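*Asks:* return atomic coordinates for the entry below.
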Amino acid sequence: MNPSELKDFLDEKVLQYNTLDFIESDPVQIPHLFSQKEDIEIAGFLSATIAWGNRTMIIKNSHRMMDLMGNAPFDFVMSHTENDLERLETFVHRTFNGIDFTSFIRSLQHIYSNHGGLESVFNKHQETHSMQKSIHEFKKIFFEIPHQYRTQKHISDPLNNCAAKRINMYLRWMIRQDNKGVDLGIWKSISPASLSCPLDVHSGNVARKLGILTRKKNDGKALSELDIKLRELDSIDPVKYDFALFGLGVFEGF
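*Replies:* Numbers count the residues shown, from 1 in each chain. Here you go, the predicted structure:
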């Protein structure tokens with residue numbers, strides 16, 4: 001395909017998969033359960049954090065996280081007692097366990113109490129065409145309070161050449177202005193043009209078959225290469241193509 005044909009093909013696939021039906025089988029459904037801004041962004045952050053492995057299990061365990069917080073995530077983060085945190089100790093999703101969950105709650109409380117909330121932290125360090133430095137700075141702030149070292153692995157640092165798939169997906173949910181109602185777009189202070197595609201095995205393989213990614217590893221360098229190509233296709237909303245790449249890989253076996 002020439003560049004024009006490629007854009008037409010991917011635009012068509014965006015229209016096919018960027019629909020409300022997508023929500024039914026995706027963890028983006030978790031933040032959609034809520035209406036208050038802080039509930040949405042905390043629910044989204046926690047469910048995106050455990051978004052690896054079997055999608056059915058991701059969604060099931062994300063719902064369990066919400067249940068353990070009384071389905072009021074912001075109130076739980078800000079008002080929990082030590083007894084409340086003990087309830088979280090039984091939680092396990094792959095390598096994310098109750099210790100990590102408890103640590104995340106404490107760090108989120110710290111961010112809302114001392115740094116103006118999640119949007120404020122990510123907004124502070126954003127760059128014109130990248131959120132990667134912002135993610136790096138967010139991780140430093142998130143773990144500036146006492147925590148177990150093991151928990152750090154659950155937030156990727158893209159400045160260490162990591163694709164940071166889950167947190168880039170979370171930022172897509174929060175920032176992308178989606179007229180189809182999938183991404184929530186509640187953060188107005190950050191431009192969707194700065195977003196990066198959540199690069200994983202599915203989107204990476206499809207991108208290589210389409211000739212818009214040459215690097216074989218799904219790492220930070222591959223993400224940068226893919227970002228450049230996607231911004232050539234749409235400089236205003238480049239990560240809309242995540243729907244096309246993911247849909248082609250997961251639903252069509254492209």
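*Asks:* contacting residues for residue 232?
*Replies:* residue 3 (CB atoms under 8 Å, 6 or more residues apart in numbering). Any C-beta I mention is one placed from the backbone N, CA and C, and that applies to glycine too.
*Asks:* and it, how far from residue 238?
*Replies:* 9 Å (CB to CB, to the nearest Å).
*Asks:* ok, now residue 19?
*Replies:* Taking CB to CB, one finds residue 19 at 19 Å from residue 238.
*Asks:* neighbour count: those two, which is higher?
*Replies:* For residue 19 versus residue 238, neighbours defined as other CB atoms under 10 Å are more numerous around residue 238 (24 against 13).
*Asks:* the longest helix seen in the chain: what's the following helix or strand?
*Replies:* Secondary structure of the chain per DSSP state H: the longest helix is helix 98-114. Counting by DSSP states H and E, the element after helix 98-114 in chain order, helix or strand, is helix 118-124.
*Asks:* residue 74: how many residues sit nearby?
*Replies:* If you count neighbours by other CB under 10 Å, residue 74 ends up with 20.
*Asks:* let me fix that: residue 96
*Replies:* Using other CB under 10 Å, residue 96 is surrounded by 21 other residues.
*Asks:* distance of it from residue 239?
*Replies:* Per CB to CB, residue 96 is found 25 Å from residue 239.
*Asks:* what does residue 59 give?
*Replies:* Residue 59 is 21 Å from residue 239, by CB to CB.
*Asks:* quick one: the helices in the stretch 101-250 of the chain, in order.
*Replies:* 118-124, 132-142, 165-175, 201-209, 220-233, 241-250 (DSSP state H, counting those that start in this stretch).
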